[in-house]
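Undergrad: Pasted the sequence and its predicted model underneath.
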Amino acid sequence: MRAASVSSSSPDYLPRFCSRSGPLRVSSEHSCLEVKKLRYRSPGTQLDLLSDVTLSLPVKRFGLVFGRSGSGKTTLLQILAGLCAPTSGSICIQHYGSDGSPKLSPEILLPERVGIVFQFPERYFLADTVLEEVTFGWPRQKADSSTREQLASNLQYAFSAVGLHAISLEENPHSLSGGFKRRLALAVQLVQKPALLLLDEPLAGLALLHEKLVFPFCFGIALEFVQRRQVLELNLLHVSDWKARADVVKLLKHLKKELTILAVSHDLKELSALVDASWRMEMGGILKEERLTL
Ligand SMILES: Nc1ncnc2c1ncn2[C@@H]1O[C@H](COP(=O)(O)OP(=O)(O)OP(=O)(O)O)[C@@H](O)[C@H]1O
């Protein structure tokens, strides 16, 4: 069951957040993603992969979960996305009034309102064109005109939100640069207008190049240009991927104005400027609120 035993009168529902710069300010009336006592034990085992995970993230904020490999971060995202059912616990959106008390009952967050971008999302591209990739899950039957208009408007919204409008819809997704593949993967989720966007290692696989290395790197390219022309193209692709890391961070900063985002990442330094709330996942799926100290 996705939601179990939710009590809106519980004092635990009063918001308490911290960020890099101290307590997180939220406007008097606000809503939060509330994850309460989420437990997950994979079927047929006696081992809890998530142990009473509880977190609150105000809407249109960026939350970050970090921690050691194998601690349960991806498992948490999979459960929030509805890919597997929790053993117990609840995932809701709670609205708060200006006095800070919960307004109405919490709203269960259904999986169809959650988007997830997996690690290395380009590996899961299925279509031969950008348009087919973005519309892959859409109804195949003839939709009525209002549905068609809605889908077209969602498509426009997604493409403009991720800055893909300059790309031809006929382009093969696999021929895009690393950064544009990430944009496309985000657009695939944004067309659904999710209430919550989950990102698993959003910068993974995009080449990391330190500024100090740029000069020797460019010198290397020039040298190779003299030796072998086609190697140049390969190296220029890496340069564009390096820029892509910064571009993806910039894009996420833009997206969080409109979206509630929860990311799992090891790239704490690069994402730190975006982070409003953060948690460390300890081995055994134990989540603890912790400020980033960089
Ligand atoms: N379907 C499954 N059945 C049993 N155990 C699983 C299953 N999926 C993951 N695990 C185990 O659950 C634990 C948490 O895995 P998870 O992938 O969530 O960790 P993680 O923190 O995301 O790691 P990483 O940073 O390496 O991605 C690991 O010990 C893993 O081996």
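TA: Looks like it arrived, so ask away. Residues are numbered from 1 along each chain as shown.
Undergrad: List the residues that contact Leu274.
TA: Phe62, Leu64, Val249, Leu252, Lys253, Lys256 (CB atoms under 8 Å, 6 or more residues apart in numbering). C-beta here means a position set from N, CA and C on the backbone, and glycine is covered the same way.
Undergrad: Can you tell me which of those is nearest the ligand?
TA: Leu64 (13.1 Å; CB to the nearest ligand atom).
Undergrad: Please report the number of neighbouring residues for the closest one.
TA: Neighbours of Leu64 under the rule other CB atoms under 10 Å: 23.
Undergrad: same thing with Thr293?
TA: Count around Thr293 with other CB under 10 Å applied: 8.
Undergrad: Repeat that for Ser153.
TA: For Ser153, using other CB under 10 Å, the count is 12.
Undergrad: gap between it and the ligand?
TA: 35 Å (CB to the nearest ligand atom, to the nearest Å).
Undergrad: Gly67 too?
TA: Gly67 is 6 Å from the ligand, by CB to the nearest ligand atom.
Undergrad: cool, and His254?
TA: For His254, the distance to the ligand - CB to the nearest ligand atom - is 26 Å.
Undergrad: State the number of residues packed around the spatially closest residue to that residue that is not a sequence neighbour.
TA: Closest residue to His254 apart from its sequence neighbours, by CB to CB, 6 or more residues apart in numbering: Ala161 at 7.5 Å. Number of residues near Ala161 (other CB under 10 Å) recorded here: 20.
Undergrad: still on that earlier bit, greatest separation within the contacts of Leu274: which pair is it?
TA: For the contacts of Leu274, the maximum inter-member distance is 13.2 Å, found between Leu64 and Lys253 (CB to CB).
Undergrad: average pLDDT for stretch 243-259?
TA: The average pLDDT for stretch 243-259 rounds to 90.
Undergrad: name the element the most centrally placed residue in the chain belongs to?
TA: Residue closest to the mean C-alpha point of the chain, counted by CA atoms, centre = their mean, is Leu199 at 2.3 Å. Using DSSP states H and E, Leu199 falls within strand 196-200.
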